[in-house]
Structures are given as C-alpha cells and as structure tokens.
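Peer 1: Kindly return the folded structure for what I paste below:
(chains A and B)
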Amino acid sequence: MLLVGFFLIYLAIVKKFEPLVLLPLAFGTVLANLPLGNLLEEGSLFYYLYFPVRHEIFPLLIFVGVGALTDFGPLIANPITMFCGAAAQLGIFVVMLLSMAFGFSAQEAASIGSIGGADGPIAVFAVMKLAPHLVGPVAVAAYSYMALVPMIQPPIMRLLTTKKERETVMGQVRKVSKREKILFPILLTVVVGILVPVAIPLIGCLAVGNLLRESGVTERLAKMAGNELINTVTFLLALTVGVTMEAESFLTLDTVIIICMGMLAFAFSTAGGVLMGKILYLLTGGKVNPLIGSAGVSAVPMAARVSHIEGQKANPVNYLLMHAMGANVAGVIGTTVAVGILISFLT
Amino acid sequence: MENNIYALIICLVAYAGVFAVLGLLVLCIKCLKWVDLGKDPTAK
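Peer 2: Numbers count the residues shown, from 1 in each chain, chains lettered A, B, ... in the order given. Below you'll find the predicted structure:
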C-alpha cells in the first residue's frame, strides 16, 4: 500500500494529475500505512478531521467555493445547453447497473456510478451517504479521471460525430445582465430544492457561493470562498480520505473493479452528452455543434476546453468555449440532481 | 433478478427525473429574460 501511495505522489507531482487533491490524498495514504501508526484512533487529529468527511460537511463547504468560482452566464445565455448537462449523466446510471451485475449492492453501485458525474466533491458526498467504506477508491478514481478528461473524451467525441457536425460554427453568446445572474442561483435553489429535497444542501451551498460572487456586495466573502475556503477544505478532505486508505480496505479486487468502472462511467457520460449534442444539432437545423455536449460532464472547466479544442481542430474559426461552458456548468447541476435523486431512492 | 429490475427502474426514473428537473430549469431561465424588460437598476 505504501507503493500505491508513492505511485499516487508520482502521478500528482510528475504527471500533474489533479495535484491539489491527489498529493495530500497520496501523502495521507503513506501516513496511514506506516507500521504502528494508528491515525484514526479516538482523540487523534485525524479522528476529528474524519468527522466532517463522514458527515458530508467538507464536500458541502467545497461546493460553496465551487459556486463562488462558477459563472452561470453562458448557461443563462443559452439555456438549451442544460440538456447536455442532463444527458451527460448517462454514465452514472449505466455504471450503476454494471456494478450491480458485478455483485455490488445498489448503494455501492450508485456510489461507483457517481464517478461518472466527473465531480469530486459530489462523488465523495454520494459515497459517504451511500457506501462510506468505498470512499478511498471512489475518491481516487473520481479525481484521477478528472485529470484524464483531455485523454478520455476526444476519441469518443470524434467517434460519435461527423466532420460536418464538428465544423459547425455557433454564434456569439448573448450578454447576460447582472440581474439575471443574481436571480439565477435563487431560482435554482427553489426549483431543485422543491423537486429534489435531498439535494438541498449541495445545491444550496453551490447557490450561496454563486450569490456571494454575483451580488456584487460581498466581494470579500466571494474571494474567501473561492480561495481560502475551497483550498483549505479540499486539502483537509483529501488528506483525511488518504488516511482512511489502509491496505486491507484498498488492496482488493473491488478497488480494481471500481477503478475500471470509473473509466467506463466517464466514457458513457461523454457519449451521452455528445449524443444529446447531436439531437440538438438536428432539432436546431445545424445551429448547435455536438462537440459541446461532452462538456456536460462536470469537470469544470477542463471538459469545456476539450470541446473548444476539438472544435478548433475541425474548423479553426470555431470558438466553442463559452457555449461549452454553458453545458459544463449545467453538468454540475445535472450531477447534483442525479446524485440527489439516487440518494433519495436508496436511503 | 428482482433486484436488478428494481435497479433498472430506479435508473430509468432517476435519469428521466434529471431531464425533467433540468428541463424545468430551462423554462425558468427563459422566464428570467423577462426581468430584463425594464431597466436593470444595477446597471451602470
């Protein structure tokens, strides 16, 4: 297990796989597996740090920061991209079914499927609610694959689209007023909160963070949420999850299956988003480039950048970034709703 | 077998639910545009 820890440190430092998360997580793994060290014993630092992980406090605080860093403008300007965010949750459900076929319980399968949402804090939130014993492998898979988005997505995007579709040029995104941006997080909380009450903590934290940013009157708080809060909490979450990764719970066949399923979840989610992009292309008479669909997985902003780069490869005058950002932030909402619905069914 | 069918139904309903909730949000965002009919008091 020490070797796994060292390998993760290598991935974080040399390969730069989500180093902000993977490095503390890997170091926590090394700490947890040193002989005679009982880091989680009652009264120790990590015993208390595990409490906010176990009770889903850390993922929620991270979501306040995510909200403070998110610009919903592109989504408000082009709301149709919301459907890409919905379709790109396909991997969650396909992998949930596949995992059940491998003998996992419905709760464990849903936790594994949540990797397909490509959103680390939500995956940790889901796994702690449904199957806390899987937090180590699910967190490692979720954060590692987020770093691999530029490698996983492009082949699937090219496979599912024609050259003509990829060349589609989309018009400029309209300007969104400050008033719309202020009202959106409030609207989002009310609508999602009423329809999916289990998702209220997640969507509420996302919305309040975003309101701090958009209101224009809480600049200091928005900066705090988007920098100090999210950085501190992400560090503590990753380190503490790493400390839970002891050999007897991590070095199992289940971990190997979870890692493989995570990859499949990402692939299916990407395919779902691209297929929705193709549907929108047909419905709008060729005005939507299907490549923006893959950005419906939440990995913000990497998935949007991948859509943009692929679009420019097909047609150098293509500028898809803002459209893809709409699908990308819709993916965050989509993952929250999907996980919220699954949790309400399975608990 | 029963468990698998139950899981399949959960997945289908949940996936449809995601579309329903996000579809409703699309309508809400479309309505948001109405608030811009008047002058935006926050605009400079």
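Peer 1: Give me the buried positions along stretch A:133-146.
Peer 2: For stretch A:133-146, a neighbour-count test (16 or more other Cβ atoms under 10 Å in any protein chain shown) marks A:134-146 as buried. C-beta here means a position set from N, CA and C on the backbone, and glycine is covered the same way.
Peer 1: Show me the contact partners of it.
Peer 2: Stretch A:133-146 is contacted by residues A:8, A:11, A:17-18, A:21-22, A:25, A:53, A:108, A:111-112, A:114-115, A:118-120, A:123-124, A:127-128, A:152, A:238, A:241-242, A:244-245, A:249-250, A:254-255, A:258-259, A:261-263, A:266, A:299, A:302 when judged by Cβ atoms under 8 Å, 6 or more residues apart in numbering or on different chains.
Peer 1: Let me see the mean pLDDT of it.
Peer 2: Per-residue pLDDT values over stretch A:133-146 give a mean of 88.
Peer 1: Dump it to CSV, restricted to CA.
Peer 2: Taking C-alpha atoms only, stretch A:133-146 is exported to CSV below (Å, rounded to 0.1, in the frame of the first residue of the first chain):
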residue,chain,number,x,y,z
HIS,A,133,-16.4,2.1,3.2
LEU,A,134,-15.8,2.8,-0.6
VAL,A,135,-14.7,6.4,-0.1
GLY,A,136,-11.0,5.7,-0.8
PRO,A,137,-11.2,4.0,-4.2
VAL,A,138,-14.1,6.2,-5.4
ALA,A,139,-12.3,9.4,-4.5
VAL,A,140,-9.1,8.2,-6.2
ALA,A,141,-11.0,7.2,-9.3
ALA,A,142,-13.1,10.4,-9.4
TYR,A,143,-10.2,12.8,-9.0
SER,A,144,-7.7,10.8,-11.2
TYR,A,145,-10.1,10.6,-14.1
MET,A,146,-11.0,14.3,-13.9
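Peer 1: hang on, the earlier thing: output the buried residues of stretch A:133-146 in TSV; the columns should cover secondary structure and distance to A:Met170.
Peer 2: Below are these laid out as TSV (DSSP: H, G, I helix; E, B strand; the rest coil; distance: Cβ to Cβ, whole Å):
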residue	secondary structure	distance to A:Met170
A:Leu134	helix	40
A:Val135	helix	40
A:Gly136	helix	41
A:Pro137	helix	39
A:Val138	helix	35
A:Ala139	helix	36
A:Val140	helix	36
A:Ala141	helix	33
A:Ala142	helix	30
A:Tyr143	helix	31
A:Ser144	helix	32
A:Tyr145	helix	28
A:Met146	helix	25
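Peer 1: Can you show me the strands along chain A?
Peer 2: Under the criterion DSSP state E, chain A contains no strands.
Peer 1: again, but for chain B
Peer 2: Using DSSP E, strands in chain B do not occur.
Peer 1: So which residue is dead centre in chain A?
Peer 2: Among the residues of chain A, the one closest to the centroid is A:Asp119, at 1.1 Å (Cα atoms, centre = their mean).
Peer 1: That one: what's it in contact with?
Peer 2: By Cβ under 8 Å, 6+ apart, the contact list for A:Asp119 reads A:Ala142, A:Ser298, A:Ala299, A:Gly331, A:Val332, A:Thr335.
Peer 1: Please apply the same query to A:Asp71.
Peer 2: The neighbours of A:Asp71, taking Cβ under 8 Å, 6+ apart as the test, are A:Arg213, A:Met325, A:Val329.
Peer 1: Chain neighbours aside, what residue packs nearest to the last one?
Peer 2: By the measure of Cβ to Cβ, 6 or more residues apart in numbering or on different chains, the closest residue to A:Val329 outside its immediate chain neighbours is A:Leu75, 5.0 Å from it.
Peer 1: count of neighbours near the one you found?
Peer 2: Residues contacting A:Leu75 under the criterion other Cβ atoms under 10 Å in any protein chain shown number 30.
Peer 1: Roughly how far does it sit from B:Gly23?
Peer 2: Distance check for A:Leu75 against B:Gly23: by Cβ to Cβ, to the nearest Å, it reads 14 Å.
Peer 1: Quickly list what's touching both of those two.
Peer 2: The contact lists of A:Leu75 and B:Gly23 share A:Met82, where a contact means Cβ under 8 Å, 6+ apart.
Peer 1: buried stuff in the worst-scoring helix or strand of chain A on mean pLDDT?
Peer 2: Ranking every helix and strand in chain A by mean pLDDT, DSSP states H and E puts helix A:247-250 at the bottom, with a mean of 83. Buried residues in helix A:247-250, counted by 16+ other Cβ under 10 Å: A:Ser249, A:Phe250.
Peer 1: Run through the neighbouring helices and strands of it.
Peer 2: Contact partners of helix A:247-250 among helices and strands, from 3 or more Cβ pairs under 8 Å, 6 or more residues apart in numbering or on different chains; DSSP states H and E: helix A:135-147.
Peer 1: need the residues of the stretch 51-200 of chain A near chain B, please.
Peer 2: Contact residues (Cβ under 8 Å from any Cβ of the partner chain) of the stretch 51-200 of chain A with chain B: A:75-76, A:79-80, A:82-83, A:85-87, A:89-90, A:93, A:96-97, A:100-101, A:106, A:109, A:177-180, A:182-184, A:187-188, A:191-192, A:195-196.
Peer 1: In contact with the residue nearest in space to the middle of chain B, which residues?
Peer 2: Note on chain B: the residue nearest the mean C-alpha position is B:Leu22, at 1.7 Å, using Cα atoms, centre = their mean. Residues counted as contacts of B:Leu22 (Cβ under 8 Å, 6+ apart) are A:Met82, A:Phe83, A:Gly85, A:Ala86, A:Ala330, A:Ile333, A:Gly334, A:Val337.
Peer 1: Sweet, I'm off.
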